[in-house]
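please find the sequence and the predicted model below.
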There are 2 protein chains.
Amino acid sequence: MMPHESAHTVQSYEQELEHLRSLISQMGGLVERQTAQAIAAVADHDEVAALEVPELDPKVDDLERQTEALVIRLLALRAPMAGDLREVVAALKISGDLERIGDCATSIARRALRSELLSYPVSMTGLFSMGRMVQENLRRTIDAMDRRDSELARSVWQSDMAVDELYVSMFRELVTYMMEDPRNIGPCTHLLFVAKNLERIGDHATNICERVYYAATGRILPVLRPRGGIADQGL
Amino acid sequence: MMPHESAHTVQSYEQELEHLRSLISQMGGLVERQTAQAIAAVADHDEVAALEVPELDPKVDDLERQTEALVIRLLALRAPMAGDLREVVAALKISGDLERIGDCATSIARRALRSELLSYPVSMTGLFSMGRMVQENLRRTIDAMDRRDSELARSVWQSDMAVDELYVSMFRELVTYMMEDPRNIGPCTHLLFVAKNLERIGDHATNICERVYYAATGRILPVLRPRGGIADQGL
């Protein structure tokens, strides 16, 4: 009996860890879709895409709650050690960042649906570049997470600096438009927050990369990440 | 020997839990101070206050790292159960929200130091009311956390709706100023983000209240909190 029971326990523990990974991976897939749709909503005035983003929110929230419940069950009943413990704690933190990425995407999509933006000719190269870059970084972050690839995580983490630089230049571009014509003020204040939300999605992605790197290697990335001038300038 | 050893172990476990509470409480005290100083920085052009806020940031980050290390040690060596396990997991989540409150306060303080704002006559009743309300809610949140007072937590959680309402009216007020005179555009775009950061501090405080309530009672507050029209309007 005993070897069988022991094998059964081990398998079931492994299954629970796999279930945890699958919950995080599903969350990653959903917020990646939310982000892509939110960017399409602003950049292409795609109302259908905009409406889909908030609809996905309850699913993301529900997956976050399932993740937390499973983490507590794993900690209470399985007492994971060393690398497994790091992974379980990382999953809890990562689910928080994924949930906030979903919130940022939802905030972008809701602004995209406002009349000021729906009728506004968005022609900023900054928005397109920033959107594409954030989406690409998020996709690579989810990949690094799914594959527990510490080198990919470190590489995405470093490339967030370019997002920050684009954010700073987009901020300036938008303020210039507002100065040129007061009719730009309404739509551009919303675009300022769109840019800020994209920048925050990039930040949450780097948080996840730090977690993936730590869970996989037991080492931490440097405390201070190179930023694109955001902190010094208070933007 | 055994009763002595056992008593020693129990005491030491209690001491570790107390240490965890003290780390969270210290973080709470620091971000409360950062928030108060950030509000003074904007509302009273207090440069000394503004400069103190980012200086406190590394201390907050360090306490967050200490909290996480202690949580992992407690989980690995003490295998806390039931209420203790809920509290340990809550501490991990709460430290994340506290750290972000510190980030929001730092972002406000850095904007307060920009020349556009230092010379700008801030005379908005909205900013003062919102600042006072967020500061008061945060103080009560930290109290509820320190005393593990679920009823206080529930009461603060409910009163965040008033912060959201003030945010919406401040957003409108600021856009009006920008429309009236293009010289307001520079400073008011920064004040828009100040208002947004205050609103986010309020949100993080409600997250903490939800955690305190759950850790103390094992029950969750309703999923959908009453908001002040922010979500519907995409502000």
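Great, that's in hand.

packing partners for the longest helix that chain A contains?
Scanning chain A for the helix with the most residues, using DSSP state H, yields helix A:2-43. Counting contacts by 3 or more Cβ pairs under 8 Å, 6 or more residues apart in numbering or on different chains; DSSP states H and E, helix A:2-43 is packed against helix A:47-78, helix A:82-112, helix A:125-147, helix A:185-217. In this view, the C-beta of every residue, glycine as well, is placed from N, C-alpha and C.

near chain B, which residues of chain A are found?
A:61, A:68, A:71-72, A:75-76, A:79, A:81-82, A:85-86, A:89, A:92-93, A:96, A:107, A:110-111, A:113-114, A:175, A:178-179, A:182, A:185-186, A:189-190, A:192-193, A:196, A:223, A:231, A:233-234 (Cβ under 8 Å from any Cβ of the partner chain).

would you show me how to pick out the buried ones of those residues in PyMOL?
Buried members of the residues of chain A next to chain B, defined by 16 or more other Cβ atoms under 10 Å in any protein chain shown, are picked up in PyMOL with:
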select buried, chain A and resi 61+68+71+72+75+85+86+89+92+93+96+107+110+111+113+114+175+178+179+185+186+189+190+192+193+196+234
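
can you tell me how far the spatially closest residue to residue A:63 that is not a sequence neighbour is from residue B:177?
Among residues not flanking residue A:63 along the chain, residue A:27 sits closest, at 4.6 Å (Cβ to Cβ, 6 or more residues apart in numbering or on different chains). Counting by Cβ to Cβ, to the nearest Å, the gap from residue A:27 to residue B:177 is 40 Å.

just for chain A, where's the confidence low?
Counting by pLDDT under 70, chain A contains low-confidence ranges at A:1-11, A:122-124, A:223-234.

possible to save the helices and strands packed on helix A:2-43 as a markdown table with distance to residue B:15?
A markdown table is the format used below for the helices and strands packed on helix A:2-43 (distance: least, Cβ to Cβ, whole Å):
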| stretch | distance to residue B:15 |
| --- | --- |
| helix A:47-78 | 21 |
| helix A:82-112 | 21 |
| helix A:125-147 | 36 |
| helix A:185-217 | 27 |
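
give me the most central residue, chain A.
By Cα atoms, centre = their mean, chain A has its centre lying nearest to residue A:101, at 3.9 Å.

residue A:31 is in contact with that one, correct?
Yes: the pair residue A:101 / residue A:31 is scored as a contact, 4.4 Å apart, by Cβ atoms under 8 Å.

need the residues touching each of the two.
Common contacts of residue A:101 and residue A:31 (Cβ atoms under 8 Å, 6 or more residues apart in numbering or on different chains): residue A:138.

count of neighbours near the residue lying closest to residue A:99 once chain neighbours are set aside?
Spatial nearest neighbour of residue A:99, excluding adjacent residues (Cβ to Cβ, 6+ apart): residue A:64 at 4.7 Å. Neighbours of residue A:64 under the rule other Cβ atoms under 10 Å in any protein chain shown: 20.
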